[in-house]
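Chemist: structure of the sequence below:
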Amino acid sequence: MRECVLSVTVSNHPGVLARISNLFASLGINIDNIATVRSRDRHVSRVRIQAELDDEGVERISYFLQQLPDVIRLDKVRTRSKRFSYWSAAYGLFIAVMGLNLVSPIYAIYKQQWHLTPGMLSIAFAAYAIALIPTIIITGQLLSGGGFRRFLVPGLIIAMAGTLCLLFATSYPMLVIARVLQGISVGIFNGVTVAALTQLHPRQDRRQAAMVGAIAVTAGNALGPMMGGILAQYAPYPAQLPYVVHLLLMIPGLLCLISSRAELSGRTSGYRLHMPTLPRSGTKTFSVAVLSSFVAWGITSLYGSTIPMYLNEWIGQTSYVLSGLIVAIVLIIAALAQFRSARWKLRSMGLFGTLLIGAGLLLLVVTVHTGSMICLCASIVCVGMGYGPLYAGSLALVNETTSDEWRADVLSLFYVGTYLGVVLPAVGLGLMTQWFGLQRAFDCFAALFVVLILTGLRGWSRQKTG
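Modeler: Residues are numbered from 1 along each chain as shown. Presented below is the predicted three-dimensional model:
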């Protein structure tokens, strides 16, 4: 079965859409979407019909459509596998997130060129959340009105605009503007993609869709800083070339999304924006998931914000590659752990991930106090192995236990909590470091997160889902 789009020119007679719908029903074919487009001739319209058909079904419906008295001609039949749309959406999410993290190892260049303080760098790192959080809330709800391509295509265009701003950045304000544009883009993709993947999946497997979404995010977070670090270290134009490469990688993603024909079922009218809410029955489950995602991202984001700023002091030389590789290795380990744990019970994923990410945090405390590269490497392994199943398990828990009616609201709130986990710790630690020094600031940070980790362990131990 393939997703087919039939374009039919019809006479503007009363009841023409009803007769077309009755024809499909008589042949046992469900219409996924039907829309009309007026032509210059007011007596004629074009009808666009979307349905899942095999080759025989295409032939049958094409024949019978042309027998209807209202049908002037069958203009064309387009076929596009839902699988193509599925992977186009996943690639779009990956490449948008990749751009968001491409800049991590290049912060050291900006710090030298523009004389930026740790607080300014932390604010630049987190600026995207100013736009990302409201964007997630809005787009997640609007998706309930049907369609995903109309969000993801503009989302990737905005990502291109953000990358272009970074390419031509000559001052700190341009860096912040670029991060805000990237936040809008990633907000669109996070607000839409998991719900789109769920409906585009052949079996509408919620857990599998959540896993693919989590892996796309993790891979984008990993490869972005790695590519940025390698190009900044060894290629010419270190503050420009990474963005040129990213623009080239976005072009095929944009073309795939534009050519994708699949759309989603949903409400098409009478839908209004509202503040997202939670179903009463799922509050406890959601609390465990969003707390765990906050912790996972709060600790992991340090490898892309705070740690690279002090890495040069610990190793005695500037290394953009190492700054990028640290983030990449954490997230590559996380992606491998996500693959490995994909068939585990969600409770096991949560407990395992929480314990390991807690161990990684303690190793980071030792690293900050001693500058030990051995402890840093050990923390990278622990945090990566913990983040992978913890974040993927949290997202899967939310997606699997939420009904279609509530999915937009619940996923929006989940991502808000997730990105607050990226932003608040990074900004808070950056500002505290500027005031009190890294060691005292990190001790306070670790103490707070130990409390959150213990709370998360208690919550996962009581979970029965998965």
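Chemist: what comes up buried for the host helix or strand of Leu331?
Modeler: When elements are assigned from DSSP states H and E, Leu331 belongs to helix 320-341. Residues 320-335, 337-338, 341 are the ones in helix 320-341 that count as buried (16 or more other C-beta atoms under 10 Å). In short, each C-beta sits where N, CA and C put it, glycine included.
Chemist: return the helix or strand in this structure with minimum mean pLDDT.
Modeler: Across the helices and strands of the chain, mean confidence by mean pLDDT, DSSP states H and E is lowest for helix 306-315: a mean of 71.
Chemist: is Ser45 in a helix, a strand, or coil?
Modeler: Classification of Ser45 into helix, strand or coil gives strand, according to DSSP: H, G, I helix; E, B strand; the rest coil.
Chemist: mind listing residues that contact the least confident helix or strand of the chain?
Modeler: Helix 306-315 has contacts (C-beta atoms under 8 Å, 6 or more residues apart in numbering) with 104-105, 107-108, 111, 118, 121-122, 318-319, 322-323, 326-327, 367-368, 371, 373, 376, 426, 429-430, 433, 438.
Chemist: buried subset of those residues, written for ChimeraX?
Modeler: Under the burial definition 16+ other C-beta under 10 Å, those of the contacts of helix 306-315 that qualify are selected in ChimeraX by:
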select :104,105,107,108,111,118,121,122,319,322,323,326,327,367,368,376,426,429,430,433,438
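Chemist: pLDDT weak spots in the stretch 1-150 of the chain?
Modeler: Residues of the stretch 1-150 of the chain meeting the criterion pLDDT under 70: 1-2, 76, 78-81, 140, 143-147.
Chemist: would you map the helices across it?
Modeler: Across the stretch 1-150 of the chain, reading from the start of the chain, the helices by DSSP state H, counting those that start in this stretch fall at 16-26, 55-65, 82-102, 107-114, 118-126, 128-142, 149-167.
Chemist: what are the buried residues along the lengthiest helix in the chain?
Modeler: What stands out as the longest helix in the chain, according to DSSP state H, is helix 404-436. If you call a residue buried by 16+ other C-beta under 10 Å, then helix 404-436 has these buried ones: 406-423, 425-434.
Chemist: now do stretch 196-207
Modeler: Under 16+ other C-beta under 10 Å, the buried positions of stretch 196-207 are Ala196, Leu197, Thr198, Gln199, Leu200, His201, Arg206, Arg207.
Chemist: which one in the chain is furthest away from the centre?
Modeler: When each C-alpha in the chain is compared with the mean C-alpha position (C-alpha atoms, centre = their mean), Pro69 comes out farthest, at 47.5 Å.
Chemist: so how far is Asp75 from that residue?
Modeler: Separation of Pro69 from Asp75 (C-beta to C-beta, to the nearest Å) stands at 17 Å.
Chemist: and what of Ala127?
Modeler: 47 Å.
Chemist: so if I had to pick from the two, which one is more boxed in?
Modeler: Counting neighbours by other C-beta atoms under 10 Å for Ala127 and for Asp75 shows that Ala127 has the greater number, 21 against 12.
Chemist: residue ranges with poor pLDDT in the stretch 151-300 of the chain?
Modeler: Flagging of the stretch 151-300 of the chain using pLDDT under 70 yields the residue ranges 202-204, 261-273.
Chemist: what segments of it are helices?
Modeler: With DSSP H, counting those that start in this stretch, the ranges of helices along the stretch 151-300 of the chain come out as 172-200, 206-234, 241-259, 283-300.
Chemist: now the residue positioned nearest the centre of the chain. Nearest residue, chain neighbours left out?
Modeler: Note on the chain: the residue nearest the mean C-alpha position is Asn190, at 3.8 Å, using C-alpha atoms, centre = their mean. With sequence-adjacent residues excluded and distances taken as C-beta to C-beta, 6 or more residues apart in numbering, Asn190 is closest to Tyr415, at 4.8 Å.
Chemist: likewise Asp70?
Modeler: Beyond its immediate neighbours in the sequence, the residue positioned closest to Asp70 (C-beta to C-beta, 6+ apart) is Val16, lying 4.4 Å away.
Chemist: return the residues in contact with the one you found.
Modeler: The neighbourhood of Val16, defined by C-beta under 8 Å, 6+ apart, consists of Val10, Ser45, Val47, Asp70.
Chemist: Val77 too?
Modeler: Contacts were defined as C-beta under 8 Å, 6+ apart; by that measure Val77 touches Cys4, Val5, Leu6, Ser7, Val58, Ser62.
Chemist: gap between it and Phe445?
Modeler: Here the criterion is C-beta to C-beta. By it, Val77 lies 59 Å from Phe445.
Chemist: do the same with Val244
Modeler: As for Val244, its distance to Phe445 is 36 Å (criterion: C-beta to C-beta).
Chemist: report the buried residues of stretch 301-311.
Modeler: By neighbour count, with 16+ other C-beta under 10 Å as the criterion, the buried positions of stretch 301-311 are Ser301, Leu302, Tyr303, Gly304, Ser305, Thr306, Ile307, Pro308, Met309, Leu311.
Chemist: let me fix that, I meant to ask about stretch 173-188.
Modeler: Along stretch 173-188, the positions that meet the burial threshold by neighbour count (16+ other C-beta under 10 Å) are 175-188.
Chemist: again with stretch 3-20
Modeler: Of the residues in stretch 3-20, those scored as buried under the neighbour-count criterion (16+ other C-beta under 10 Å) are Glu3, Cys4, Val5, Leu6, Val8, Thr9, Val10, Val16, Leu17, Ile20.
Chemist: got those as CSV, with distance to Lys464 columns?
Modeler: Written out in CSV, the entries for the buried residues of stretch 3-20 read as follows (distance: C-beta to C-beta, whole Å):
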residue, distance to Lys464
Glu3, 37
Cys4, 42
Val5, 43
Leu6, 47
Val8, 51
Thr9, 56
Val10, 54
Val16, 53
Leu17, 47
Ile20, 48
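Chemist: between those residues, which is nearest Thr277?
Modeler: Comparing those against Thr277 with C-beta to C-beta places Glu3 closest, at 32.8 Å.
Chemist: which residues does that closest one form beta bridges with?
Modeler: Using DSSP bridges, the bridge partners assigned to Glu3 are Glu52, Arg80.
Chemist: ok so, going back, give the contact list for the residue nearest to the centre of the chain.
Modeler: Contacts for Asn190 (C-beta under 8 Å, 6+ apart) come out as Leu93, Leu132, Ile136, Val217, Tyr415, Tyr419.
Chemist: check contacts around Val217.
Modeler: Neighbouring residues of Val217 by C-beta under 8 Å, 6+ apart: Leu93, Phe94, Val97, Asn190.
Chemist: next one: it from Thr418, what distance?
Modeler: To Thr418, Val217 is 9 Å away according to C-beta to C-beta.
Chemist: and what of Leu65?
Modeler: Taking C-beta to C-beta as the measure, Leu65 and Thr418 are separated by 47 Å.
Chemist: got it, and Met373?
Modeler: Between Met373 and Thr418 the distance is 30 Å, computed by C-beta to C-beta.
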